[in-house]
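> fold the following, please.
(chains A and B)
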Amino acid sequence: MEASGARMRLGRNRAPVSERTRSERRLGWLLCAPAVIAMLLVTAYPIGYAVVLSLQDVDLRFPEEGGFVGLDNYVAVLTSELWWTDLLNTVFIMVVTVAIELVLGMLIALVMYRAIFGRGLVRTVVLIPYGIVTVVAAFAWFYAFNPDTGFVNNLPLIGDETSWFGERFSAFAVIILAEVWKTTPFMALLLLAGLTTIDSGLYEAARVDGANAWQRFWKITLPLMKPAILVALLFRTLDAFRVFDTIFIMTRGAQDTESVSILGFSQLISRLNLGLGSAVSVLIFLCVLLIAFVFVRWFGVRMAEGRPGA
Amino acid sequence: MTLNWFVGTQPGGTIQEVAKRCTEQSNGEYTINVELLPTDASQQREQLVRRLGAEDSNVDLIGMDVIWTAEFANAGWLREFTGEDAERVTKDVFDSVIESASFEGKLYGAPFNTNTQLLWYRTDQVDEPPETWAEMIDEAERIGGFIQVQANRYEGFTVWVNAMIESAGTQILSGPEEVDLEEGSTTEALAMIGRLANSPAAPRDISTSNEDTARLGFEAGDSPFMLNYTFAYASAQANAPEVAKNMGAAVFPSVVKGEPGRPPLGGFNIGVSSFSEHPDEAFDAAACISSPESQLIATKLDGLPPSNETLYRDPVVRKAFPGFAKDVADSVRAAAPRPTTPAYTDLSLAIQRSLHPPDSINPDDPKPAYDKLYEAVSDAVKREGLL
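Next up, the predicted model:
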């Protein structure tokens, strides 16, 4: 984003563009117009509509009532203890899952990269969890930990009567485990892509200079992978912030494990209170924007610095 | 002409059988096409309200949980049953069931099956079924076994809380937007919930328990007591014949000695959608689906109690509920329906949020739980705040 902006400013300072360049640009716009229009229809319209709804008192169950209420819905959400508890829960799940996934994903990426035989097989096997529908994966873990049907309580060192979903932190632990299991492969795949871009000559040179494996990882692999790591972190953080399926299946938000997405669902789908629910959705959207902004703005600058020759 | 019937699935095949029978009976007037919804009532509602909110004319007949009547009727999604249509579907039906199909004095559903919770107990461990919750908890603690209830954070918890509050002699609402919750009786009911949840008689998984974990717990043999719907009997017979042999049924215990217990009321009524393009045929079909013959199909195939009072002497019912058909009828008669309000979902969420987990209620000092409940319920009926 930054880079292209800079280039455009440069272009403006130069001599006026030729007729040919201008018509090429027009053609460019025409060619991407269908995509832009489709994007506007499927994303901008619903987002705009949600913003409009969030300023109104709309309840599907009371079709006659309603009207413009200004920021009342936002005040109701932001002054509610529930919103802040759920936001904290969401951030907690997000930070813990992404941190674990980064470490595990890096290890798996290194294994996939180094695998000498059966490379294709290793990569396929690692990807299986990511190929499973989240709801199905959530059910599988739910039944595994359910005291009535699960095998987990029969394992050694685990109490036979442990009610995993009956307490807040054990429920969090299972939710995070299921999330990590499901999406670590995605992280690993993005990191693997970063790994393969590193010039192997650098390692050879480092070896000649007497750097050991640990030094090579910290001095070569990590700095050169920074852009890939940041992209992987950004994608996963945004994903993790919207966590819904796993919690919905496992606790439906009980024992204080509710995420903001579940909160939005309760207002919109269960209560049919479209005004309040849209306010929650818009606030979630703003949080997501903020996360993306922080990543692009703050880490993005360093991303460019980390690139060799930049 | 085809009528679409949106209804929750029943494992025994009742829905398909009833649809087939009524299609045949109509002599070509209509064909009932079944659109099956999930087994979980909250998920059924989520799918239905999206269609009804969008005024979907594909919906003709609706299998309505008893708690949806006020919400659907108030939103203008249901046609009222009047005159002969109303008369033929309410003949011989329990008053409590008719009440569950009505809103503001108008009838919006044809009663199909009803349902109620009985107190199931082990005749080999307990001599006489307890009359009160206090006696039952004492007895379970003495035996060293559990009392199985439904206290996960879901509709089933609201069912239990409502039954306890009603059994203590008060009610949650006195009108669609008027909170009752008389303090003395309500705190008594809450203290009893807290007492069980904090007692050794509470199963370890009480805060995640539902109808199914309750029956599994009872079938495992370490629970002398269980509050559950009638399906629990057939289930025990199939899965734990040793337990089923010693299974007794009684009416829901009371909270205050000398007062009657007020059991939960469940069941489904058949509504006719406002957006149906074939209302006349739909009313005929609703009458057929809710007829005594159809109710007996539901009893025979899925063990669902009829909503028709006179059917409890029928051999089909006696066979499905061997020795306890009368208890089921008594229980439906004594049952306390959940509050009638268009904001029912808000109310139920508020109850679940303020009282879950049940062991958070201090049995020696239930006042804080009461205050929390009162505030949450007062906001909920006005549809205010996040839930």
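> gap between B:D284 and B:M1?
Between B:D284 and B:M1 the distance is 11 Å, computed by C-beta to C-beta, to the nearest Å. (C-beta placed from N, C-alpha, C; glycine too.)
> which stretches of chain A have low pLDDT?
Applying pLDDT under 70 to chain A picks out residues A:1-15, A:301-310.
> what about the residue nearest the centre of it, is that helix, strand or coil?
By C-alpha atoms, centre = their mean, chain A has its centre lying nearest to A:D239, at 2.1 Å. What DSSP: H, G, I helix; E, B strand; the rest coil gives for A:D239 is helix.
> quick one: contacts for it?
Contact analysis of A:D239 by C-beta atoms under 8 Å, 6 or more residues apart in numbering or on different chains lists A:T183.
> and it, how far is that from chain B?
A:D239 sits 24 Å away from chain B when distances are taken as C-beta to the nearest C-beta, to the nearest Å.
> pull the contacting residues for the closest residue to chain B within the stretch 201-310 of chain A.
The stretch 201-310 of chain A approaches chain B most closely through A:A254 (3.6 Å), counting by C-beta to the nearest C-beta. Shown in contact with A:A254 (C-beta under 8 Å, 6+ apart): A:F165, A:A171, B:N152, B:R153, B:S207, B:T208, B:H356, B:P357.
> I'd like to know which of those is nearest to A:K182.
A:A171 (16.7 Å; C-beta to C-beta).
> what is the neighbour count of the closest one?
Using other C-beta atoms under 10 Å in any protein chain shown, A:A171 has 22 neighbouring residues.
> and the helix or strand encompassing it, what's buried?
If you go by DSSP states H and E, A:A171 is part of helix A:168-196. For helix A:168-196, a neighbour-count test (16 or more other C-beta atoms under 10 Å in any protein chain shown) marks A:170-172, A:174-192, A:194-195 as buried.
> the longest helix along chain A and chain B, are they touching?
When chain A is parsed with DSSP state H, its longest helix is helix A:81-114. Yes. Judged by C-beta under 8 Å from any C-beta of the partner chain, helix A:81-114 comes into contact with chain B through A:L82, A:W83.
> ranges for the strands of the stretch 251-387 of chain B?
Applying DSSP state E, counting those that start in this stretch to the stretch 251-387 of chain B gives strands spanning B:265-272.
> could you measure from B:S26 over to chain A?
The gap separating B:S26 from chain A is 33 Å, by C-beta to the nearest C-beta.
> just checking, that residue touches B:A282?
No. At 11.4 Å, B:S26 and B:A282 do not qualify as touching, with contact defined as C-beta atoms under 8 Å.
> got the residues of chain B near chain A?
By C-beta under 8 Å from any C-beta, the residues of chain B that approach chain A are B:42, B:46, B:49-50, B:53, B:71, B:74-76, B:152-154, B:204-208, B:212-213, B:216, B:342-343, B:345-346, B:349, B:353, B:356-357, B:383-387.
> measure the spatially closest residue to B:Y374 that is not a sequence neighbour to A:D256 for me?
Of all residues not flanking B:Y374 in the chain, B:L181 sits nearest, at 5.6 Å (C-beta to C-beta, 6 or more residues apart in numbering or on different chains). Counting by C-beta to C-beta, the separation of B:L181 from A:D256 is 25 Å.
> go on, B:R45?
25 Å.
> quick one: which of the two has more around it?
Neighbours were counted for B:R45 and for A:D256 using other C-beta under 10 Å; B:R45 has more, 26 against 17.
> can I assume the more buried one sits in a strand?
No. If the criterion is three-state DSSP, then B:R45 is helix and not within a strand.
> list the contacts for the closest residue to it other than its chain neighbours?
Once flanking residues are discounted, B:R45 sits nearest to B:W68: 6.2 Å by C-beta to C-beta, 6+ apart. By C-beta under 8 Å, 6+ apart, the residues touching B:W68 are B:R45, B:L48, B:Y344.
> let's see it at 10 Å
Applying C-beta atoms under 10 Å, 6 or more residues apart in numbering or on different chains, we find B:W68 in contact with B:41, B:44-45, B:48-49, B:62, B:77-78, B:100, B:108-109, B:268-269, B:271, B:344-345.
> chain B contacts on the stretch 101-250 of chain A?
A:146-149, A:159-168, A:171, A:250 (C-beta under 10 Å from any C-beta of the partner chain).
> mind running it again at 8 Å?
Residues of the stretch 101-250 of chain A found near chain B (C-beta under 8 Å from any C-beta) are A:P147, A:D148, A:E161, A:S163, A:F165, A:G166.
> among the residues you listed, which ones are buried?
Using 16+ other C-beta under 10 Å as the burial test, these include A:P147, A:S163, A:F165, A:G166 as buried.
> show me the chain divided up by domain.
Went with chain A since none was named. Following automatic domain parsing, chain A resolves into domains at A:17-54, A:72-306.
> actually it's chain B I care about, not the one you picked
If you go by automatic domain parsing, chain B breaks into B:2-115+B:266-334, B:118-262+B:343-381.
> let's have those domains in JSON lines, adding mean pLDDT and distance to A:Y113.
Compiled in JSON lines, the domains of chain B are given as follows (pLDDT from 0 to 100; distance: least, C-beta to C-beta, whole Å):
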{"stretch": "domain B:2-115+B:266-334", "mean pLDDT": "94", "distance to A:Y113": "44"}
{"stretch": "domain B:118-262+B:343-381", "mean pLDDT": "94", "distance to A:Y113": "43"}
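> for these, give me TSV that also has distance to A:C32.
Shown next, in TSV, are those (distance: least, C-beta to C-beta, whole Å):
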stretch	distance to A:C32
domain B:2-115+B:266-334	33
domain B:118-262+B:343-381	45
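> thinking again about what came up before, which among the contacts of B:W68 gets closest to A:P129?
Set against A:P129, the nearest of these by C-beta to C-beta is B:Q44 (31.2 Å).
> just the helices in the stretch 201-310 of chain A please.
A:213-216, A:222-241, A:245-250, A:260-265, A:274-294, A:300-306 (DSSP state H, counting those that start in this stretch).
> got CSV for the ones you listed, with distance to B:A336 too?
Listed next are the helices of the stretch 201-310 of chain A as CSV, based on distance: least, C-beta to C-beta, whole Å:
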stretch, distance to B:A336
helix A:213-216, 70
helix A:222-241, 43
helix A:245-250, 31
helix A:260-265, 30
helix A:274-294, 30
helix A:300-306, 61
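> so for B:Q237, which of those sits nearest?
helix A:245-250 (30.4 Å).
> for that closest one, packing partners?
Helix A:245-250 is packed against helix A:134-145, helix A:168-196, helix A:260-265, with contacts defined by 3 or more C-beta pairs under 8 Å, 6 or more residues apart in numbering or on different chains; DSSP states H and E.
> list the buried residues of the longest helix of chain A.
Neighbour count says helix A:81-114 has A:82-83, A:86-87, A:89-91, A:93-94, A:96-98, A:100-102, A:104-106, A:108-110, A:112-113 buried, by 16+ other C-beta under 10 Å.
> tell me which residues in the next helix-or-strand element following that helix are buried?
Sequence order places helix A:119-131 as the next helix or strand after helix A:81-114, per DSSP H and E. Residues A:V122, A:R123, A:V126, A:P129, A:Y130 are the ones in helix A:119-131 that count as buried (16+ other C-beta under 10 Å).
> and the second one, how far is that from B:V93?
I take that to be A:R123. With the distance defined as C-beta to C-beta, A:R123 ends up 64 Å from B:V93.
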